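**Q** How does the following fold in three dimensions:
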Amino acid sequence: MALNHQTQTKESQNHATIPPNNITIIPNHDHDAPNCDDEIDYLGRAQWLRAAVLGANDGLVSVASLMIGVGAVNQSARAMLVSGLAGLVAGACSMAIGEYVSVYAQYDIEMAQMKREKDDKEAAVITQEERESLPSPIQAAGASALAFASGALIPLLAGGFIRSMKIRLIVVCVVTTLALAGFGAIGAALGGASAKKSAIRVLVGGWAAMAISFGTLRLFGLALHESHFSP
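**A** Modelled structure (predicted):
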């Protein structure tokens, strides 16, 4: 009887230590887990996004307006092609030089600020890691020139080899319009803004530039023509 009592006692203890099967363990979710949208640093994108989008838009609008303006006074396809190519080279060089000077001025200001923040004269030496964190003028200049040339190539290749003047102007306007809308939407998507508003804003600016270029040179060409044939 004592043996049976001990056996029953051990079985009851074993049953008491076994957890029930109907208990569901709920995992502890971390409420502080980062969201995918929160990890996107839109402010960090602002610097390179501004240089890339503005450079491409500048090249696109500048060369398209230049080609349309030249087409208003000269129907030759060669004249439009040469003027567009000249605008591409000159604009890319101008963008590169301007960006280099601007970023180098920012580089000097940040370097001077780092030196002022170091109180100890022995620690006034700027480390290599601190130098690498500063903006690079050469990289900024190359990126701006490349972005400008990329945008300028679109109207140049689209309409520079078409013989008919009317078709050439129409093709340049249509291709430039599509590219402007695309650049505006891409810039808004990367920056987290409204794609529709950005595309409309870029389109209105591009159309205004092309219309002003065409109208101004058209009037200038007519004035020169009348003065040339006047007695």
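
**Q** Where does pLDDT dip in the chain?
**A** 1-51, 119-125, 191, 225-231 (pLDDT under 70).

**Q** how about the helices in it?
**A** Ranges of helices in the chain, per DSSP state H, are 2-17, 42-73, 77-117, 128-132, 137-159, 165-191, 195-229.

**Q** Residue 132 is in contact with residue 107, correct?
**A** No - counting by C-beta atoms under 8 Å, residue 107 stays clear of residue 132, with 11.9 Å between them. Glycine gets a C-beta too; all of them are placed from N, C-alpha and C.

**Q** More neighbours: those two, which one.
**A** Looking at residue 107 and residue 132 with other C-beta atoms under 10 Å, you find the greater number of neighbours at residue 107, namely 16 against 8.

**Q** Name the nearest residue to that one, sequence neighbours excluded.
**A** In this structure, residue 107 finds its nearest non-sequential neighbour in residue 134, 5.5 Å apart by C-beta to C-beta, 6 or more residues apart in numbering.

**Q** Just list the residues touching the one you found, thanks.
**A** 107, 110, 111 (C-beta atoms under 8 Å, 6 or more residues apart in numbering).

**Q** Tell me how far the first one lies from residue 78.
**A** The spacing between residue 107 and residue 78, counted by C-beta to C-beta, to the nearest Å, is 43 Å.

**Q** In contact with residue 212, which residues?
**A** Contact analysis of residue 212 by C-beta under 8 Å, 6+ apart lists residue 65.

**Q** Residue 130 is in contact with residue 115, isn't it?
**A** No - at 10.3 Å, residue 130 does not count as touching residue 115 under the criterion of C-beta under 8 Å.

**Q** Just give the nearest non-adjacent residue to residue 140, would you?
**A** Leaving aside its sequence neighbours, residue 140 sits nearest to residue 103 (C-beta to C-beta, 6+ apart; 4.2 Å).

**Q** now the one you found: how far from residue 210?
**A** Residue 103 is 30 Å from residue 210, by C-beta to C-beta.

**Q** cool, and residue 62?
**A** Going from residue 62 to residue 210 by C-beta to C-beta gives 10 Å.

**Q** Residue 79 now?
**A** From residue 79 to residue 210 the distance is 17 Å (C-beta to C-beta).

**Q** more neighbours, these two?
**A** Neighbour tally, residue 79 and residue 210, criterion other C-beta under 10 Å: the higher count belongs to residue 210, 24 against 14.
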